[in-house]
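Engineer: The sequence and its predicted three-dimensional model are supplied below.
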Amino acid sequence: MAIKLYSWPRSSGTRVAWAIEELGVAYEYVGLDPKKDEHRSPKYFAVNPHGKVPALVDGDQSFFESGAILLHLGTKYGVDKNLWPPGGGQPRADAISWTVWAMTELGPNMMQYLYHGLDTPVSYAPADRSGAAAEYSLSLLNRNLDALEARLQDREYLMGAFSLVDVAAAGWLLFGAMLGFMLDRHPRAAAWCQRCGARAARKRAR
């Protein structure tokens, strides 16, 4: 049975589609229409009880949250494709840690800064923004980017060679760049993000 990915454009599902395209695994893209509340249907709640995208069905297993999905794809399919390290050593521990970091630290801090600190299509209305929240989120985001910059000091990708870990982290920053967030203070991260964004699999992802 082919993998089913439930998503819609410009969502967290895009990084999952990117990962699957990198893996070269057959899958069915099930596009949901949020304007029709297709993500709130009883049928979809059976796949993702939170009524969000993405969700992924792989055989008799279903997953929600893009980070969990990437960990599943990496461990099940990525080792043979040299896109995820085998178990039993520090590289696997690093892959899990940096992937979870991307989902719990890098992405959320960037989004909070976009909401409160910039004028973008996803930002809050000016009257609803908090200067304190913008300042705090930016300080945390810069700490995240400093760590990313240090990680890339002696390697082109987070694990040395390109892997699904890069999809997890770069997916956030490429989305931010689309909305106007720049990596001016972090040149290695900016160059890495550009390398990731130029990959053919990302351009195929929906």
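Structural biologist: Received it, and whenever you're ready, just let me know what you need. Numbering: from 1, shown residues only.

Engineer: Give the other helices and strands that the strand or helix carrying residue 145 contacts.
Structural biologist: Using DSSP states H and E, residue 145 sits within helix 131-151. Under the contact criterion of 3 or more C-beta pairs under 8 Å, 6 or more residues apart in numbering; DSSP states H and E, helix 131-151 touches helix 107-117, helix 187-197. In short, each C-beta sits where N, CA and C put it, glycine included.

Engineer: Check which helices and strands the first one sits against.
Structural biologist: Using 3+ C-beta pairs under 8 Å, 6+ apart as the contact criterion, the neighbours of helix 107-117 among helices and strands are helix 131-151, helix 164-178.

Engineer: With mean pLDDT as new columns, can the helices and strands packed on helix 131-151 be given to me in a markdown table?
Structural biologist: Shown next, in a markdown table, are the helices and strands packed on helix 131-151 (pLDDT from 0 to 100):
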| stretch | mean pLDDT |
| --- | --- |
| helix 107-117 | 98 |
| helix 187-197 | 98 |
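
Engineer: Any chance of these in CSV with distance to residue 61 as columns?
Structural biologist: Formatted as CSV, the helices and strands packed on helix 131-151 follow (distance: least, C-beta to C-beta, whole Å):
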stretch, distance to residue 61
helix 107-117, 24
helix 187-197, 28
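
Engineer: Enumerate the positions of the helix holding residue 145 that are buried.
Structural biologist: Residues of helix 131-151 classed as buried by neighbour count (16 or more other C-beta atoms under 10 Å): 134, 136, 137, 138, 140, 141, 144, 145, 148, 149, 151.

Engineer: which one of those is nearest residue 52?
Structural biologist: Checking the buried residues of helix 131-151 against residue 52 with C-beta to C-beta, the nearest one is residue 137 at 21.6 Å.
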